[in-house]
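coordinates only, sequence not included:
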């Protein structure tokens, strides 16, 4: 994460992983979610916070889910079902269930199919927010497969040259196992940034870099500046401008749209204003090549990347998944730093739902 | 394509599609390629030129392939074979054959598997250049499937914060059919630009935009300027700098590396200095959802995109595949504009190989 988006020291309250898991599980249960599912949801969100992916952990998401359960927009006991199936594929109607919880289950289905026929892909419609989809991709990586997850969601991002929102911030994630190195895990919005990053910038009082947003008429903002008021900006596709490659961010966003929405039978948000679709794919390494050799090669590649000579002004070169892996070790040991405003929300909801308050480290 | 990269009017020589096909086919045959394969290769390259994708058509590539066949680096009669296979997957050793020719065949294998089990993926090692991989992805789209092709090639692109080349310009392509609209076809290097774009800039005398290249010490060039001398620059990952998202271009490049190289048993170029691997995947629409509904939804989405209100300074909004489709109609009718330097090369090689010269329109 860029330094400017880290929770400032003065605003940090460290909480232990176990207490956060217990509290999040209990909140899900109070919303009517079955205990096992509640634990799965807590695992997805707390893992994001452990890995330093604050935008997709408990900070913004938990309060959102609570209000969606309360309004009935999320179904705490979904009767999700496979509506079409082949040996290598399944299409699922998620019955309004939250994919923070269901995502790992959907990836398990893809993994089982990949065990049979080499590759498995599950597409999902009528699902709630998928949360940090890299977590779901990792389900495949832990089973010695390459995992790919995509979500198509939203329509606030203008296509290149456009003055109206059409695309989602639709993320794409890929995970692959290594032997000794931390696993490769790439998980990124196809917009310049995830929309949660704007909420985070507001919480920590950070300015936005250039080329992240456009004015309401579609003109990219080329100067750094404060977070604009809601409705006064659109997020740009990855790349920012055509010359810098925004047509590529646009294309990758459409990849998620096709895999998540079109292939699940869900209608994209740009057409309906509401569609969200997801895809979960597993590619069984053993079906393609020798698993040990694959992992050794991954180690060679990841080692080569992290030992790349850094450019002036930088300490070292990272690879996707490495800083998150290091953060996870540190946060397991020392607790998860949450913004005190977030901890305040947890204290309030705990009081309201008669739950124990979050421990502090 | 950016206006500045179009062949200037004064340098344009228009040649008819059929004459270019005949000449390219004949050159491949003179290199020892079997007639049917020669025609396939000509189709791949001429389609790129018809669609205005000059970087991946005959202009730079044909002379390169000729010298690779002559040096023995490319095998004109490859005995390619499946080395591992499951119902949904195949791993192929291409025996040094050129994937400009073999790519469509590999995608057909993926399509056949997807017809059986819903999804098919073929990974390939020991192959020559894949050329315009969008062409191969379209083989699946024409069979009512979503096609995805990736190539991992090269190691000249520094990872974010890096001062040494590690990544390839590794392209990713996705194609999906529509009903009435031109098919969706996205095909892009995961670097800021494909390396052929630098050759094109030199040929047409264009400056490079900012954030495309880094100095040899890894510092991104933030100003527009002339094409640097070979060895005096590196291409940056899509995004350019960390703040603008180069870690995402880096991640997508690694996606192609994992799918193309790691899963085919090929060793990435950053480790060996030579590996090139490819992947060809087909997702059978009928396995996931109703094909007619899919195409209707694609039409709705593509129509919505192309009728997006444009931002100030732009005439209209495009989608990936639309301008190329329009260009194809125009060039089929009026001929393909090649740079006269390129036509000169064709005249020379035709004389050398005792072939008829290229017709002019």
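Here it is on my side, so go on. Remember, it's a predicted structure, so these values are computed and weren't measured experimentally. Residues are numbered from 1 along each chain as shown, chains lettered A, B, ... in the order given.

which elements pack onto the lengthiest helix in chain A?
Criterion DSSP state H: the longest helix present in chain A is helix A:99-117. With contacts taken as 3 or more C-beta pairs under 8 Å, 6 or more residues apart in numbering or on different chains; DSSP states H and E, helix A:99-117 sits against helix A:35-50, strand A:89-93, strand A:119-125, helix A:133-142, strand A:145-153, strand A:276-284. Any C-beta I mention is one placed from the backbone N, CA and C, and that applies to glycine too.

among these, which is nearest chain B?
strand A:89-93 (3.4 Å; C-beta to the nearest C-beta).

what pairs with that closest one, parallel or antiparallel?
Strand A:89-93 pairs in its sheet with strand A:81-85 (antiparallel), strand A:119-125 (parallel), by DSSP bridges.

got a list of contacts for it?
A:80-85, A:106, A:109-110, A:113, A:120-127, A:263-265, B:117-119, B:283-284, B:287-289 (C-beta atoms under 8 Å, 6 or more residues apart in numbering or on different chains).

mind doing that once more with 7 Å?
Outside strand A:89-93, the residues within contact range by C-beta atoms under 7 Å, 6 or more residues apart in numbering or on different chains are A:80-84, A:106, A:109, A:121-126, A:264-265, B:118-119, B:287-289.

and stretch A:252-262, by the same measure?
Contacts of stretch A:252-262 (C-beta under 7 Å, 6+ apart): A:123, A:150-152, A:157, A:167-168, A:170-172, A:190, A:237-238, A:267-268, A:275, A:277-279, B:146, B:174, B:176, B:184, B:186, B:252, B:294, B:297-298, B:320.

endpoints of that stretch, how far apart?
End-to-end distance for stretch A:252-262, by C-alpha to C-alpha, to the nearest Å: 14 Å.

one more: stretch A:189-200?
End-to-end distance of stretch A:189-200 (C-alpha to C-alpha): 15 Å.

ok, that stretch near chain B or not?
Yes - contact of stretch A:189-200 with chain B (C-beta under 7 Å from any C-beta of the partner chain) involves residue A:192.

what is the rounded mean pLDDT of that stretch?
If you average the pLDDT over stretch A:189-200, you get 87.

same deal with stretch A:247-264?
For stretch A:247-264, mean pLDDT is 98.

quick one: the strands paired with strand A:89-93 as JSON lines, columns for distance to residue A:34 too.
Output for the strands paired with strand A:89-93, formatted as JSON lines (distance: least, C-beta to C-beta, whole Å):
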{"stretch": "strand A:81-85", "distance to residue A:34": "16"}
{"stretch": "strand A:119-125", "distance to residue A:34": "19"}
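
and the helices in chain A?
Going by DSSP H, chain A shows helices at A:17-30, A:35-50, A:58-71, A:99-117, A:133-142, A:196-204, A:246-256, A:269-272, A:285-288, A:291-306, A:322-334, A:340-352.

most centrally placed residue in chain A?
Chain A has residue A:132 as the residue nearest its centroid, 2.3 Å off, counting by C-alpha atoms, centre = their mean.

return the residues of the stretch 251-361 of chain A in contact with chain B.
Residues of the stretch 251-361 of chain A that fall close to chain B, judged by C-beta under 7 Å from any C-beta: A:251-252, A:254-255, A:258, A:262-265, A:267-268, A:270-271, A:283, A:285, A:287-289, A:293-294, A:297-298, A:300-301, A:304-305, A:308-312, A:314, A:317, A:320.

buried subset of the residues you listed, written for ChimeraX?
What follows is the ChimeraX syntax for the buried subset of these, where burial is set by 16 or more other C-beta atoms under 10 Å in any protein chain shown:
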select /A:251,252,254,255,258,262,263,264,265,267,268,270,271,283,285,287,288,289,294,297,298,300,301,304,305,308,310,311,314,317,320
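
for the residue in the stretch 151-300 of chain A that chain B sits nearest to, give me phi and psi.
Using C-beta to the nearest C-beta, the single residue of the stretch 151-300 of chain A nearest to chain B is residue A:218, 3.0 Å away. With angles defined as degrees, to the nearest 10, residue A:218 sits at phi 100, psi 0.

residue A:166 is in contact with that one, correct?
No - using C-beta atoms under 7 Å as the test, residue A:218 is too far from residue A:166 to be in contact (10.9 Å).

higher neighbour count, the two?
Using other C-beta atoms under 10 Å in any protein chain shown, the more surrounded residue of residue A:218 and residue A:166 is residue A:166, with 28 against 24.

nearest residue to the more buried one in space, please, no chain neighbours.
Residue nearest to residue A:166 in three dimensions, not counting chain neighbours: residue A:270, with 4.5 Å by C-beta to C-beta, 6 or more residues apart in numbering or on different chains.

residue A:136 now?
That would be residue A:103: by C-beta to C-beta, 6+ apart, it lies 3.8 Å from residue A:136.

how many neighbours does that neighbour have?
Count around residue A:103 with other C-beta under 10 Å applied: 31.

quick check, residue A:45 in contact with residue A:58.
Yes - between residue A:45 and residue A:58 a contact is recorded at 5.1 Å, counting by C-beta under 7 Å.

identify the contacts common to these two.
With contacts defined as C-beta under 7 Å, 6+ apart, the residues shared by residue A:45 and residue A:58 are residue A:24.

mind checking which helix or strand of chain A has the lowest mean pLDDT?
Ranked by mean pLDDT, DSSP states H and E, the weakest helix or strand in chain A is helix A:196-204, scoring a mean of 82.

give me the pLDDT for the nearest residue to residue A:265 once chain neighbours are set aside.
Nearest residue to residue A:265, sequence neighbours excluded (C-beta to C-beta, 6+ apart): residue B:289, at 4.0 Å. In this model, residue B:289 is scored at 98, pLDDT.

what sits against residue B:289?
Residues in contact with residue B:289 (C-beta under 7 Å, 6+ apart) are A:84, A:91, A:263, A:264, A:265.

could you identify which of the helices of chain A has the lowest mean pLDDT?
helix A:196-204 (a mean of 82).

which strands and helices lie in contact with that one?
Using 3 or more C-beta pairs under 7 Å, 6 or more residues apart in numbering or on different chains; DSSP states H and E, no helix or strand is in contact with helix A:196-204.

can you give me the buried ones in that helix?
By neighbour count with 16+ other C-beta under 10 Å, helix A:196-204 contains the buried residues A:196, A:197, A:198, A:200, A:201, A:203.

okay, those residues in TSV with distance to residue A:327 next?
Formatted as TSV, the buried residues of helix A:196-204 follow (distance: C-beta to C-beta, whole Å):
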residue	distance to residue A:327
A:196	17
A:197	17
A:198	22
A:200	16
A:201	19
A:203	19
